[in-house]
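S.K.: for reference, the sequence and a predicted model appear below.
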Amino acid sequence: MFELIINADVYGPKSLGIQNLLVCAGKIVYLGERVPQLDESLSVQVTDLDGARLIPGFIDAHAHITGGGGEAGPSTRVPPLPLSQFTRAGVTSVVGLLGTDDLTRNTQTLLTQVMGLREEGISAWCYTGGYHLPATTLTQSVRSDIVNLEPVIGVGEVAISDHRSSQPTRDEILRLASEAHVAGLMTGKAGIVHFHLGDGERGLSMIRECLEQCEIPARVFNPTHVNRNKALFEQACELTTRGCTVDLTAFPADNVESGWSAEAAVARYIDKGGDLQKLTISSDGGGCMPSFDAQGELLKMEFAHSSAMAITFKAMLDMNLAMEKILPLMTSNVADLLRFHRKGRIDTGFDADLLVLDGHHGIQGVMANGVWHVKQGQQLVKGLFEE
């Protein structure tokens, strides 16, 4: 079936004005101002957006798709994330990873969850490894996992400046970055190291030292959670001037006491004149959000949700931040960093991953790979085990 979407106010992510799109076999096969004339024998479903905004689907580059947690005992392990938790939030592409628990959860289970999400209709990839070194792998090395396992695009989230990390040395980090970089060259994949940043006083000093001591391109070093405290965010802003892309986490409003919410961090970054192409936003969906005392004892435990992507996007628009500035942070910037060449934009030949916005910046329609998962606010597609 052909899907014809007419009268859409398209941001692709740049504003294109009122456009009409034809979708077939999961791809955008036409984008233009005129409505294409199709043979009457073809089966065509027409959706008239009547001027509603149409944007690319969000790419969530940091989600614990097999579930995170477990830091307060086995009962605190988060279950695997269901399909609709992503699509309700406008996420049409996701990258899964392991965190603190890279022992009872592993690369095998992560890969299986990736393939399950693909079967259910969204695009999915993953990192190999987890918080600790030596990295958890399937084929005995990071380079081999990236080269031989199609969904694996890099390694992460490797923990630094955190009491839960394996306290890696600079040389260990450099060796890991070399493995990822060379594997990326061999395959055309991202080949990055995705770093978890904790609240440790060393902050981003390890990455700065690595950049000063090696020939590995700065793009390989990709820190996340950089808005968790204000000092760390200032370091991250400086790191972007060296060529690194840094990732903000869409923390819930009540979980940013010592840092900045993603929307506040974006506003500050813009005020500083930072290069917006070096900034992305992810959800940490399914991940634990613990609070510890000075002795490393757990005080409380919360869990993140992919809905933070949609909430943060709406919050940025409500702050009157320009659509064309903020939309790439969840779409084209992520696609460029991760080398997803048919994602993150609305254009002919790109995957038909599309979001329809209502008048209040909420998400009322979600198309993933050419299939409507949410339409007029109604969830049309759910995972097999969802109610």
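M.R.: It's in.

S.K.: please verify my assumption that residue 276 contacts residue 330.
M.R.: No. Applying Cβ atoms under 8 Å, one finds residue 276 not in contact with residue 330, separated by 12.0 Å. Any C-beta I mention is one placed from the backbone N, CA and C, and that applies to glycine too.

S.K.: between those two, which has more neighbouring residues?
M.R.: residue 330 (31 against 17; other Cβ atoms under 10 Å).

S.K.: how about the nearest residue to the more buried one, chain neighbours excluded?
M.R.: Of all residues beyond its chain neighbours, the one nearest residue 330 is residue 58 (4.5 Å), with distances taken as Cβ to Cβ, 6 or more residues apart in numbering.

S.K.: tell me the bridge partners for the one you found.
M.R.: Assessed by DSSP bridges, residue 58 has beta-bridge partners residue 91.

S.K.: tell me the helices in the stretch 51-200 of the chain, going along the chain?
M.R.: 83-87, 107-120, 142-148, 170-187 (DSSP state H, counting those that start in this stretch).

S.K.: could you list the domains of the chain?
M.R.: What automatic domain parsing lists as the domains of the chain is 2-55+343-379, 57-338.

S.K.: tell me which of the ones you listed sits most buried.
M.R.: domain 57-338 (a mean of 20; mean count of other Cβ atoms under 10 Å).

S.K.: the strands in the stretch 101-250 of the chain, which residues?
M.R.: 123-128, 152-160, 192-197, 221-224, 246-249 (DSSP state E, counting those that start in this stretch).

S.K.: can I get these in TSV with distance to residue 173?
M.R.: Compiled in TSV, these are given as follows (distance: least, Cβ to Cβ, whole Å):
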stretch	distance to residue 173
strand 123-128	15
strand 152-160	8
strand 192-197	8
strand 221-224	9
strand 246-249	16
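
S.K.: Throw the ones you listed into a markdown table and include mean pLDDT and distance to residue 16, thanks.
M.R.: Formatted as a markdown table, the strands of the stretch 101-250 of the chain follow (pLDDT from 0 to 100; distance: least, Cβ to Cβ, whole Å):
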| stretch | mean pLDDT | distance to residue 16 |
| --- | --- | --- |
| strand 123-128 | 98 | 23 |
| strand 152-160 | 97 | 29 |
| strand 192-197 | 98 | 30 |
| strand 221-224 | 98 | 30 |
| strand 246-249 | 98 | 26 |
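
S.K.: about what we covered before: for the helices of the stretch 51-200 of the chain, which one sits closest to residue 246?
M.R.: When the helices of the stretch 51-200 of the chain are compared by Cβ to Cβ, helix 170-187 sits nearest residue 246, at 15.7 Å.

S.K.: distance of residue 249 from residue 148?
M.R.: Residue 249 sits 30 Å away from residue 148, going by Cβ to Cβ, to the nearest Å.

S.K.: please apply the same query to residue 362.
M.R.: 42 Å.

S.K.: do residue 90 as well
M.R.: From residue 90 to residue 148 the distance is 32 Å (Cβ to Cβ).

S.K.: excluding sequence neighbours, find me the nearest residue to residue 45.
M.R.: residue 3 (5.4 Å).

S.K.: okay but that neighbour is in contact with residue 20, surely?
M.R.: No. Residue 3 is beyond contact range of residue 20, at 11.3 Å (criterion: Cβ under 8 Å).

S.K.: what sits in contact with each of residue 276 and residue 330?
M.R.: Here residue 276 and residue 330 share no contacting residue, scored by Cβ atoms under 8 Å, 6 or more residues apart in numbering.
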